[in-house]
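S.K.: sequence isn't available, so here's the structure alone:
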């Protein structure tokens, strides 16, 4: 249920955040975005009560344009592009079907970029 402290905050963009909660430090935050992992949150209230962990939902649908612009400006200023590039794998659209087995077997880490219009890339 609770494990060793690893982080004070952790975003979860693609899965159910329950796997992240046990390792969050006291007064830490888990940010959840999207429903790809489902609507269920199969956990107890223990980490929330015992460690004062906060679960924050990210409003990626109804967020206003001014708020989005602020977020994108902050990302442009603070995101380390070298780190992002280092964790990015580019796969051409024609190669996606052949690439899928590696993805499904968990052999791919980081961000996968599929340029659908190479002329814009």
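M.R.: Yes, it's here. These numbers come from a predicted model, not from an experiment.

S.K.: these two touch, right, residue 57 and residue 39?
M.R.: No. If you go by C-beta atoms under 8 Å, residue 57 and residue 39 don't touch, sitting 11.8 Å apart. (Glycine included, C-beta is placed from N, CA and C.)

S.K.: would you mind finding the longest helix in the chain?
M.R.: The longest helix of the chain (DSSP state H) is helix 65-78.

S.K.: following the chain past that one, name the next helix or strand.
M.R.: helix 81-86 (DSSP states H and E).

S.K.: quick one: mean pLDDT over that following helix.
M.R.: Across helix 81-86, the average pLDDT comes to 89.

S.K.: residue boundaries of the strands in this structure?
M.R.: Counting by DSSP state E, the chain has strands at residues 7-12, 24-32, 54-57, 88-90, 111-113.

S.K.: tell me the most buried of these?
M.R.: strand 24-32 (a mean of 17; mean count of other C-beta atoms under 10 Å).

S.K.: so what are the sheet partners of that one and their directions?
M.R.: strand 7-12 (parallel), strand 54-57 (parallel) (DSSP bridges).

S.K.: just the mean pLDDT for the shortest one, thanks.
M.R.: The average of the pLDDT scores along strand 54-57 is 82.

S.K.: which residues does that strand contact?
M.R.: Here strand 54-57 makes contact (C-beta atoms under 8 Å, 6 or more residues apart in numbering) with 17, 21, 27-33, 41, 48.

S.K.: mind checking how far the longest helix of the chain is from the chain centre?
M.R.: 17 Å (C-alpha atoms, centre = their mean, to the nearest Å).

S.K.: offset the numbering so it begins at 43, please.
M.R.: In the new count, where the first residue is 43, that last one comes out as helix 107-120.

S.K.: what packs against it?
M.R.: Helices and strands touching helix 107-120, by 3 or more C-beta pairs under 8 Å, 6 or more residues apart in numbering; DSSP states H and E: there are none.
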